[in-house]
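Q: Kindly return the folded structure for what I paste below:
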Amino acid sequence: MRGMLAVLGLLAFGAQGEDAIWEIGPRSLAPPAGASAALREAVAQTPTPALVERASVQPRTAKEWRALAASFAAAPVDLDAMATAAGVSIEADTIADVAVYRVMPAAGPKSPHEEHIFLYVHGGAYVFGGGPAAVSEAVVISAMSGIPSVAIDYRMPPDHPFPAAVDDMEAVYRELLETHRPSSIAIGGTSAGGGLTLAAVHRFKAVSLPVPGALYLGTPWADLTDASDSLHTNEGIDRILVTYDGMLASAAKLYAGEAELTHALISPVYGDFTGFPPTYLVTGTRDMLLSDTARVHRKLRVAGVVADLNVYEGLSHAEYAFLVGSPEYQQTYGELAQFLAEHLR
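A: Numbering: from 1, shown residues only. Got it, this is the predicted structure:
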């Protein structure tokens, strides 16, 4: 019997040491039947992602990056309308010479969050999403959790590559520690914001700062190389990112500057997760950063850290944030609010 199992194993997995590359032919993919009606409808209305066209977007000069960033920021962000709709106030400010936006629930902090604060870190491939757009998800988190937020508008390439964003995170966090207990501070964001959150905690540990009370990692870009499995298995299936080739690969190199992509403050999945605080993670089965999220979750659990991993059926990269009012949106932020209430002190 044991011999038969060994033979079957060889047939299934091939000889050890072989570096097999699987050739997978064209596939057809229907909208995810197990997802919410809102997500199914959104996917059904989306044309097949243009893989070749997306991969061809490869800015090479600072001028080209600035032009691309300007095109992303072309739609104005009406902070007053956003604040009114969410029932919060938004105020531009600076902390430690870093631009931030302060978000306060209209009724003030909700119990038990009277002394708590959320340091929000925006996404955008480490290159986009600054200015007023940096506050968008912080507004949702504050409105649904009752926690005041500080959204950091950190410096970005092409003018400010690594480690400028990590330096800004450290500077703002040091200031917050002057008025808040570490255990009363949550830090987090989506995509690059989740990755930068992890990098910041690695930095805090390295300079002997106390870690915060909780983290939120929305589909974190935690490995800027192309090593993660779902970058390949979900290529052309993730309707948001579509492919690593082109803009994402170029953004990774731009952000890293002269440093290696595997540096733990650039690709934080390669760092030591000992002593990290309780962490709430979100991803989806069609997310190209599903593997980044899963790998971070494993590193946290191996280090003995409380880590709550939430995987949504059929969800592409960060879609929970875009499908406002959907079950995926309500559950992501509603359960995040519960997690923060449980772990902040």
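
Q: give the contact list for the closest residue to residue 271 other than its chain neighbours.
A: Using Cβ to Cβ, 6 or more residues apart in numbering and skipping the chain neighbours, the partner closest in space to residue 271 is residue 264 (3.5 Å). Just so you know, the C-beta spots here come from the backbone N, C-alpha and C atoms, and that holds for glycine as well. Neighbouring residues of residue 264 by Cβ atoms under 8 Å, 6 or more residues apart in numbering: 199, 202, 270, 271, 272.

Q: who wins for neighbours among those?
A: If you count neighbours using other Cβ atoms under 10 Å, the busiest of the contacts of residue 264 is residue 199, which has 26 neighbours.

Q: Just confirm that one is within a helix.
A: Yes: applying DSSP: H, G, I helix; E, B strand; the rest coil, one finds residue 199 inside a helix.

Q: pLDDT at it, what is it?
A: Per-residue pLDDT puts residue 199 at 99.

Q: Let's see the lengthiest helix in the chain as CSV, backbone CA atoms only.
A: Ranked by residue count under DSSP state H, the longest helix found in the chain is helix 327-343. Output of helix 327-343 as CSV, limited to C-alpha atoms (Å, rounded to 0.1, in the frame of the first residue of the first chain):
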residue,chain,number,x,y,z
PRO,A,327,-22.5,43.3,1.9
GLU,A,328,-18.8,43.2,1.3
TYR,A,329,-18.4,46.9,2.2
GLN,A,330,-20.7,46.7,5.2
GLN,A,331,-19.1,43.5,6.6
THR,A,332,-15.5,44.6,6.0
TYR,A,333,-15.8,47.9,7.9
GLY,A,334,-18.4,46.7,10.4
GLU,A,335,-16.2,43.8,11.5
LEU,A,336,-13.2,46.1,11.5
ALA,A,337,-15.0,48.4,13.9
GLN,A,338,-15.7,45.4,16.2
PHE,A,339,-12.1,44.3,16.0
LEU,A,340,-10.9,47.7,17.0
ALA,A,341,-13.3,47.9,19.9
GLU,A,342,-12.1,44.6,21.1
HIS,A,343,-8.3,45.2,20.9
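
Q: Only the buried residues of it, if you could.
A: Residues of helix 327-343 classed as buried: 327, 328, 329, 332, 333, 336, 337, 339, 340, 341, 343 (neighbour count, 16 or more other Cβ atoms under 10 Å).

Q: same thing with stretch 226-243?
A: Across stretch 226-243, burial judged by 16+ other Cβ under 10 Å covers 227-228, 230-232, 234-243.

Q: do stretch 162-175 as well
A: Under the neighbour-count criterion of 16+ other Cβ under 10 Å, stretch 162-175 has 162, 163, 164, 165, 166, 167, 168, 169, 170, 172, 173, 175 buried.

Q: How about the second one, nearest residue that isn't a chain neighbour?
A: Right, the one you point to is residue 163. Spatial nearest neighbour of residue 163, excluding adjacent residues (Cβ to Cβ, 6+ apart): residue 265 at 6.4 Å.

Q: show me the residues around the one you found that make contact.
A: 162, 163, 166, 199, 202, 203, 271 are the contacts of residue 265 under Cβ under 8 Å, 6+ apart.

Q: Can you tell me which of the residues you listed end up in helices?
A: Using DSSP H, the contacts of residue 265 in helices are 166, 199, 202, 203.

Q: wait, the last one sits on residue 174?
A: No: the criterion here is Cβ atoms under 8 Å, and residue 203 misses it with residue 174 at 10.9 Å.

Q: right, and the pair among the buried residues of stretch 226-243 with maximum separation?
A: Farthest pair in those (Cβ to Cβ) is 227 and 239. Separation: 22.7 Å.

Q: Tell me if residue 282 really is in a strand.
A: Yes: counting by three-state DSSP, residue 282 is found in a strand.

Q: That one: neighbouring residues, count only.
A: Neighbour count of residue 282, defined by other Cβ under 10 Å: 28.

Q: Over to residue 184?
A: 19.

Q: Would you check that it makes contact with residue 116?
A: Yes: under the criterion of Cβ under 8 Å, residue 184 makes contact with residue 116 at 4.9 Å.

Q: any shared contact partners between these two?
A: With Cβ under 8 Å, 6+ apart, residue 184 and residue 116 have common neighbours 213, 344.

Q: picking up where we left off before, and the gap between the residue nearest to residue 271 and residue 166?
A: 11 Å (Cβ to Cβ, to the nearest Å).

Q: Spit out the residues that contact the two alike.
A: Shared contacts of residue 264 and residue 166 (Cβ under 8 Å, 6+ apart): residue 199.
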